[in-house]
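Trainee: fold the following and give me the result.
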Amino acid sequence: MSTLKPVRLDIVSDVVCPWCYIGKRRIENALAQVADVPVEVHWRPFFLNPWVPREGISREDYLTTKFGSVEAYKGIAGRVVTAAGEEGLTYRPDLVKRQPNTIDCHRLIHWAEAEGKAAEMKQRLMELYFRDGGDLTDINVLVQAAADVGLDAEHIRRRLATDEDVELISAQAKEASDKGISGVPTFVFAQKYAVSGAQPPEQLAAAIRQVSAEVNAQAAE
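Mentor: Numbering: from 1, shown residues only. Model prediction:
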């Protein structure tokens, strides 16, 4: 049994951020490379587009506001689609019709964490959005996503109808931006070292080993 002190890893990301989708797969590959190092993963919220209203907006309006036009995004999207494919992921920007505000998605991930299912919940929401063009502003889509990972659908439906944890998630997202996190995904190791961007698994694995050695050296002093 390992006596190593675990490395805390906070992953700050958003479910509608394509590089976060890619970065999630890369950190999972990195963790597989350092399977002997204990790591405690915590998924932290970030609002890529805090200006999008709670009910969401059409994808066309969103792309026009953010990139100037739908056409302008196509060049950018092509690179991301290729990068996702290299990780074995599917991104179909043509299927996305609605741009959601992601606070409810982050609430679901937070609630799933209590049952040890935060990573699965995050993955399901990202697949729905990037691969299937799912409408993450639709409560039925969110409830089904929760059920897909084994959460109680009716219980989740009731909770989503309230403002439970809206303030908490908003405060956590604000804390990330207050700490200077502006690009996601950001991987925060042991609450002191931050690596921004969807880095290659080898680099993330090396960072985990390095921080683990430091954390455990300090624990041994």
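
Trainee: number of residues surrounding Asn140?
Mentor: Residue neighbour count, defined by other C-beta atoms under 10 Å, stands at 10 for Asn140. (C-beta placed from N, C-alpha, C; glycine too.)

Trainee: now it: how far from Arg157?
Mentor: 9 Å (C-beta to C-beta, to the nearest Å).

Trainee: how about Ile11?
Mentor: Ile11 is 27 Å from Arg157, by C-beta to C-beta.

Trainee: any idea how far the longest helix out of those in the chain is from the middle of the chain?
Mentor: Counting residues, the longest helix found in the chain (DSSP state H) is helix 201-220. Relative to its parent chain, helix 201-220 has a centroid offset of 22 Å by C-alpha atoms, centre = their mean, to the nearest Å.

Trainee: hmm, who's touching that helix?
Mentor: Applying C-beta atoms under 8 Å, 6 or more residues apart in numbering, the contact partners of helix 201-220 are 4-5, 7, 9, 26-27, 29-31, 33-34, 37-39, 187, 189-190, 193, 195.

Trainee: which residues of the protein score low on pLDDT?
Mentor: 1-2 (pLDDT under 70).

Trainee: redo that, cut-off 50
Mentor: 1 (pLDDT under 50).

Trainee: just to revisit the earlier point, pull out the buried residues from the longest helix of the chain.
Mentor: Within helix 201-220, the residues that count as buried by 16 or more other C-beta atoms under 10 Å are 201, 204-205, 207-209, 211-212, 215-216.

Trainee: then stretch 140-156?
Mentor: Quick answer for stretch 140-156 (16+ other C-beta under 10 Å): 141-143, 145-146, 149, 151, 156.

Trainee: go on, stretch 173-187?
Mentor: Result for stretch 173-187 [16+ other C-beta under 10 Å]: buried residues 173, 176, 181, 184-187.

Trainee: ok, stretch 92-106 next?
Mentor: Of the residues in stretch 92-106, those buried (16+ other C-beta under 10 Å) are 93, 96, 98-106.

Trainee: same check, this time on stretch 53-64
Mentor: 56-57, 59, 62-63.

Trainee: how about Ala35, secondary structure?
Mentor: Of the three states, Ala35 takes coil under DSSP: H, G, I helix; E, B strand; the rest coil.

Trainee: got the phi and psi for it?
Mentor: Dihedral angles of Ala35 (phi, psi; degrees, to the nearest 10) stand at phi -60, psi -20.

Trainee: and the gap between it and Tyr91?
Mentor: Counting by C-beta to C-beta, the gap from Ala35 to Tyr91 is 28 Å.

Trainee: now Asp163
Mentor: From Asp163 to Tyr91 the distance is 32 Å (C-beta to C-beta).

Trainee: same check, this time on Asp165
Mentor: Distance from Asp165 to Tyr91, by C-beta to C-beta: 29 Å.
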